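K.L.:
Got a sequence here, can you model it:
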Amino acid sequence: MGLLHQDGAVILVEKTVYRELQEELSARDSPYASIKGAFEESVQEFTPDKNVDLIMCLGGDGVILHASSLFQGPCPPVLGFNLGSMGFLAPHAFTVRPTRPLPNPR
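P.N.:
Purely as a prediction, here's the structure:
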């Protein structure tokens, strides 16, 4: 949630996930209605022509491999959080996260 409040931060989300999030936020009884404005302002659908500074993967090794396969050239740095069973490529447990948002480098 903190990333949604970073000045100028844009979160790019894969197409299928982006559409699922839009549907969830548009539902009449959505518990996430309070963040709909921040979502619309800060979250965009990922396309290969977008400039990406960092990839954050929530999942397992397969998610990291899939995310890196989305890039034709060099892949940006990947920060993986292990929600899978192995975690060879995702060394951080999901419970390990910053307590405050990272500063905007721009």
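K.L.:
next one: phi and psi at Q44?
P.N.:
Main-chain torsions, Q44, degrees, to the nearest 10: phi -130, psi 160.
K.L.:
I misspoke; the intended subject was G80.
P.N.:
Torsion angles, degrees, to the nearest 10, at G80: phi -110, psi 130.
K.L.:
hmm, which helix or strand of this structure has the shakiest average pLDDT?
P.N.:
In the chain, the helix or strand scored least confidently by mean pLDDT, DSSP states H and E is strand 92-93, which has a mean of 66.
K.L.:
Give me the mean pLDDT for the lengthiest helix in the chain.
P.N.:
Using DSSP state H to define each element, the chain has its longest helix at helix 15-26. Averaging pLDDT along helix 15-26 yields 89.
K.L.:
Let me see the contact set for the residue nearest to Y18 when sequence neighbours are not counted.
P.N.:
Sequence neighbours aside, E45 is the residue nearest to Y18 in space, at 4.4 Å (criterion: CB to CB, 6 or more residues apart in numbering). Every C-beta, even on glycine, is put in place using the N, C-alpha and C of the backbone. When contacts are counted by CB atoms under 8 Å, 6 or more residues apart in numbering, E45 touches 12-15, 18-19.
K.L.:
picking up where we left off before, so what does the helix or strand following the longest helix of the chain touch, helix or strand wise?
P.N.:
Sequence-wise, the next helix or strand downstream of helix 15-26 (DSSP states H and E) is helix 36-42. Using 3 or more CB pairs under 8 Å, 6 or more residues apart in numbering; DSSP states H and E, the elements in contact with helix 36-42 are helix 15-26.
K.L.:
Could you chop the chain up by domain?
P.N.:
Listed domain ranges for the chain are 1-47, 52-96 (source: automatic domain parsing).
K.L.:
Quote the end-to-end distance of stretch 40-55.
P.N.:
Start-to-end span of stretch 40-55 (CA to CA, to the nearest Å) is 20 Å.
K.L.:
Flag every buried residue along that stretch.
P.N.:
Across stretch 40-55, burial judged by 16 or more other CB atoms under 10 Å covers 42-43, 46, 55.
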